[in-house]
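>>> quick one, fold the following:
(chains A and B)
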Amino acid sequence: MRELIRDIYGTIFEFVRTFGAFQLFFLRLLRYSPKILIGRPGLVIKQIYNTGALSLVIIMVCGFFVGGVLALQGYASLAKFNAEDAVGTVVALALIKELGPVITALLFAGRAGTALSSEIGLMKATDQLSAMEMMAVNPVRRVLVPRFLGGVVSMPLLAAIFSCTGLFGAHVVAVGLLEVDVGAFWQQMRLTVTMSDINEGIFKSVVFGVVASLLAVWEGYNAIPTAEGVGRATTRTVVITAISVLILDFMITTVFL
Amino acid sequence: MQQTRSVEIGTGLFVMLGMSALFFLATQATGGEGFSSTETYEVEAYFENVGSLKSKAPVSMSGVTIGRVTSVSFDAQSLEAKVTFVIDSQYDQIPDDSDASILTSGLLGSQYIGLQAGGSDIFLEDGSEILFTQSALVLENLIGKFLVNAGSDGDE
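The predicted model follows:
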């Protein structure tokens, strides 16, 4: 009984400690961010290319089909109320406010987050980070901050591209296959979607971008420097990002509504 | 060197694509009111019942949107709903005895204000009030009237 209590106490203590270390790590990254952004923009641009430009294909293909399936499902449900014209509104609101940021964050964690954490984990396992410290180069500044910033910049842009291709997919399905009127599709959307909906989507994608890149960098930096440790860090990146993005999404939506 | 160039080009294309996606969402998916900075003038009208009219609802004349509702509030003195809306300044020749009614676009559509031109020589300007208004149709009232009519028909 006593041991059980001690175990629970130990687990909670460890959780709080990790959480605190994570916050301090975040502050450390933020402190270096302006200098890197101004002093070494080339490093950040390279990471925007790695995390953003190289994720374009998966984001656009997924966006197209998510938009298409939303249009199909929305049409099927709305047809029961003779409100097929509202399918544009339904798809646009769902994409811009929820699915755009959330699915982009999940795909981002799978495509870019894993690459980041395994890259940093391998750098640690092969002692590259220690070698940098030997040369008086701060690895947090030189390696982690540009990767973090690259992710933060890429995520909102990727989410916007996802929503746009989604709208395009919905247009193809609704107007092309289901023969919804083109004018009704876009006009109903314009009447109901407001700038605040778009701001909500942008706000979410920025938050998710910070969370996803921060977690990827953190997991890689704290990976156990073995082959198994790096693999585990990669898995943890995806799992923890997915959980935190979905929980945060719920919390943000509650505040916004 | 060649490789950094291609990275820079790729990044540039990506960021431009992202920005244009944001711009597309902001201008095409919304009514564009986020960026509209055209000159407008404000008009108010009192309605007995506004139904579910919301701010940002369109104000249209002959089916063309010429303005937007800015606020819907309750006026405690006249015990009526006070609706203020702005009209694009390019439409500055609307007679001041025009009447405003609250209409619904489609069966399940949102409500909007429809203006019907009057015959006066004096035009609406900033701060003027539309006197002739027609309330929104409330479904329950309609059904009530219909039932009363149906009842009186049965007596004959």
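>>> from here on, contacts and neighbour counts on C-alpha atoms
OK.
>>> hey, where'd the helices end up in chain A?
A:2-39, A:41-51, A:56-79, A:87-93, A:100-108, A:114-125, A:128-134, A:139, A:145-171, A:182-192, A:195-221, A:227-256 (DSSP state H).
>>> export these to a markdown table and tack on mean neighbour count, distance to chain B and mean pLDDT?
Output for those, formatted as a markdown table (neighbours: other Cα atoms under 10 Å in any protein chain shown; distance: least, Cα to the nearest Cα, whole Å; pLDDT from 0 to 100):
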| stretch | mean neighbour count | distance to chain B | mean pLDDT |
| --- | --- | --- | --- |
| helix A:2-39 | 13 | 15 | 88 |
| helix A:41-51 | 22 | 5 | 88 |
| helix A:56-79 | 20 | 8 | 92 |
| helix A:87-93 | 26 | 7 | 89 |
| helix A:100-108 | 26 | 12 | 94 |
| helix A:114-125 | 24 | 17 | 92 |
| helix A:128-134 | 15 | 22 | 90 |
| helix A:139 | 16 | 22 | 87 |
| helix A:145-171 | 27 | 4 | 93 |
| helix A:182-192 | 19 | 4 | 78 |
| helix A:195-221 | 24 | 6 | 92 |
| helix A:227-256 | 17 | 18 | 92 |
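>>> including distance to B:L53, could those helices go into CSV?
What follows is these, written out as CSV (distance: least, Cα to Cα, whole Å):
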stretch, distance to B:L53
helix A:2-39, 46
helix A:41-51, 45
helix A:56-79, 23
helix A:87-93, 18
helix A:100-108, 29
helix A:114-125, 49
helix A:128-134, 62
helix A:139, 58
helix A:145-171, 28
helix A:182-192, 13
helix A:195-221, 19
helix A:227-256, 22
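>>> quick one: which of these is nearest B:G10?
helix A:41-51 (6.4 Å; Cα to Cα).
>>> centroid-nearest residue for the chain?
With no chain named, the answer covers chain A. Nearest to the geometric centre of chain A sits A:A105, at 2.4 Å (Cα atoms, centre = their mean).
>>> try again with chain B
B:P58 (1.7 Å).
>>> now do the contacts for that one.
B:P58 makes contact with B:T65, B:I66, B:G67, B:R68, B:V69, B:Y112, B:I113, according to Cα atoms under 8 Å, 6 or more residues apart in numbering or on different chains.
>>> make it 10 Å
Taking Cα atoms under 10 Å, 6 or more residues apart in numbering or on different chains, we find B:P58 in contact with A:191, B:31, B:64-70, B:85-87, B:110-114.
>>> thought the residue nearest to the centre of chain A was touching A:G209?
Yes: taking contacts as Cα atoms under 10 Å, A:A105 lies within contact range of A:G209: 6.9 Å.
>>> shared neighbours of those two, anything?
By Cα under 10 Å, 6+ apart, A:A105 and A:G209 have these common neighbours: A:M155, A:P156, A:L158, A:A159, A:V245.
>>> contacts for the helix or strand bottoming out on mean pLDDT in chain B, please.
Least confident element among the helices and strands of chain B, by mean pLDDT, DSSP states H and E: helix B:139-155 (a mean of 77). Helix B:139-155 is contacted by residues B:G51 when judged by Cα under 10 Å, 6+ apart.
>>> using PDB, list the CA coordinates for that helix.
Below are the C-alpha coordinates for helix B:139-155, written out as PDB (Å, rounded to 0.1, in the frame of the first residue of the first chain):
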ATOM      1  CA  LEU B 139     -44.000  31.500 -38.700                       C
ATOM      2  CA  GLU B 140     -46.100  31.000 -35.500                       C
ATOM      3  CA  ASN B 141     -48.200  34.200 -36.300                       C
ATOM      4  CA  LEU B 142     -48.800  33.000 -39.800                       C
ATOM      5  CA  ILE B 143     -49.900  29.600 -38.600                       C
ATOM      6  CA  GLY B 144     -52.100  31.300 -36.000                       C
ATOM      7  CA  LYS B 145     -53.800  33.500 -38.700                       C
ATOM      8  CA  PHE B 146     -54.200  30.500 -41.000                       C
ATOM      9  CA  LEU B 147     -55.900  28.500 -38.200                       C
ATOM     10  CA  VAL B 148     -58.300  31.400 -37.400                       C
ATOM     11  CA  ASN B 149     -59.100  31.700 -41.100                       C
ATOM     12  CA  ALA B 150     -59.600  28.000 -41.500                       C
ATOM     13  CA  GLY B 151     -61.900  28.100 -38.500                       C
ATOM     14  CA  SER B 152     -64.100  30.900 -39.800                       C
ATOM     15  CA  ASP B 153     -64.300  29.200 -43.200                       C
ATOM     16  CA  GLY B 154     -65.700  26.100 -41.600                       C
ATOM     17  CA  ASP B 155     -68.600  28.200 -40.000                       C
END
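>>> look up phi and psi at the residue nearest to the centre of chain B.
Backbone torsions for B:P58, taken as degrees, to the nearest 10, come to phi -70, psi 150.
>>> any idea how far it lies from B:Y91?
Distance of B:P58 to B:Y91, given as Cα to Cα, to the nearest Å: 15 Å.
>>> do A:A86 as well
Distance from A:A86 to B:Y91, by Cα to Cα: 30 Å.
>>> in chain B, which strand is the longest?
Ranked by residue count under DSSP state E, the longest strand found in chain B is strand B:64-75.
>>> distance from the chain centre to that strand, please.
In terms of Cα atoms, centre = their mean, to the nearest Å, the centre of strand B:64-75 is found 6 Å from the chain centre.
>>> give me the mean pLDDT for the following helix or strand past that strand.
Scanning forward in sequence from strand B:64-75 by DSSP states H and E, the next helix or strand is strand B:80-88. In this model, strand B:80-88 has a mean pLDDT of 89.
>>> can you give the distance of the following helix or strand past strand B:80-88 from its chain's centre?
Sequence order places strand B:99-104 as the next helix or strand after strand B:80-88, per DSSP H and E. Computed by Cα atoms, centre = their mean, the chain-centroid distance of strand B:99-104 equals 10 Å.
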